[in-house]
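K.L.:
Curious how this folds, go ahead:
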Amino acid sequence: AKAEASRQGITLPTIDTTDVVRALTRQSAAVGQVMARSISNSAATQALTRYGVENLSGADVATAVGEHLDALSSSYAEDMLGGALNQAQNQGRTAVFEQAPTESIYSSELLDKNTCENCEAIDGHEYDSLADAQDDYPTGGYSECLGGPRCRGTLVAVYAEATTPDDA
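P.N.:
Numbers count the residues shown, from 1 in each chain. Below is the predicted model:
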């Protein structure tokens, strides 16, 4: 975002990332809890299924649950990690946008075969303010994205005029 501003003739100061880091720390803890709970629920469901139907011993149930967990795909974890990284990037972008007056803020969606209809519809939407844009993009991607954490949408700023660090 800072490089984008620079290409528009905008010179921005180094931003204080304290608030961004604090928010990302909270988000990463929440993502970790969601992922741990998901794995725990999967293990519990398998244990109940195996124990109740197959009348296995506790050790056999534990072995079966372990085998089930080992066989799980990594796609869920990859989706969650990708979403967290996109959130982090977009929160950093927002912190940069706050450093200078913008002429406009608009949405930008990666338009390819994986773009959902909601993201396709919002692509290029111009917002009256950064606050309005953040209503639709509160944690990174578009809030109405059908892909959830896989959303690759972002916000783009067009700055009002060239500034220098002394002006900011």
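
K.L.:
what about the chain, any weak spots by pLDDT?
P.N.:
52-54, 161-168 (pLDDT under 70).

K.L.:
Which elements pack onto the longest helix along it?
P.N.:
Secondary structure assigned by DSSP state H gives helix 18-54 as the longest helix of the chain. Here helix 18-54 touches helix 58-71, helix 75-97, going by 3 or more C-beta pairs under 8 Å, 6 or more residues apart in numbering; DSSP states H and E. For glycine as for every other residue, the C-beta is placed from the backbone atoms N, C-alpha and C.

K.L.:
Would you verify that A157 is located in a strand?
P.N.:
Yes: according to DSSP: H, G, I helix; E, B strand; the rest coil, the state of A157 is that of a strand.

K.L.:
thought it was touching E98?
P.N.:
No: A157 is beyond contact range of E98, at 9.7 Å (criterion: C-beta atoms under 8 Å).

K.L.:
Please say which of the two ends up with more neighbours.
P.N.:
A157 (25 against 14; other C-beta atoms under 10 Å).

K.L.:
Work out the gap between the longest helix of the chain and the centre of the chain.
P.N.:
Helix 18-54 sits 17 Å away from the centroid of its parent chain (C-alpha atoms, centre = their mean, to the nearest Å).

K.L.:
Please shift the residue numbers so they start at 7 in all later answers.
P.N.:
Will do, 7 is the new start, and the previous item becomes helix 24-60.

K.L.:
Look at Q33 and say how many residues are nearby.
P.N.:
17.

K.L.:
Can you point out the buried residues in stretch 111-131?
P.N.:
When burial is assessed from 16 or more other C-beta atoms under 10 Å, stretch 111-131 yields the following buried residues: 111-113, 115, 121-122, 124-125, 128-129, 131.

K.L.:
which pair in the residues you listed spans the largest distance?
P.N.:
I111 and C122 (21.4 Å; C-beta to C-beta).
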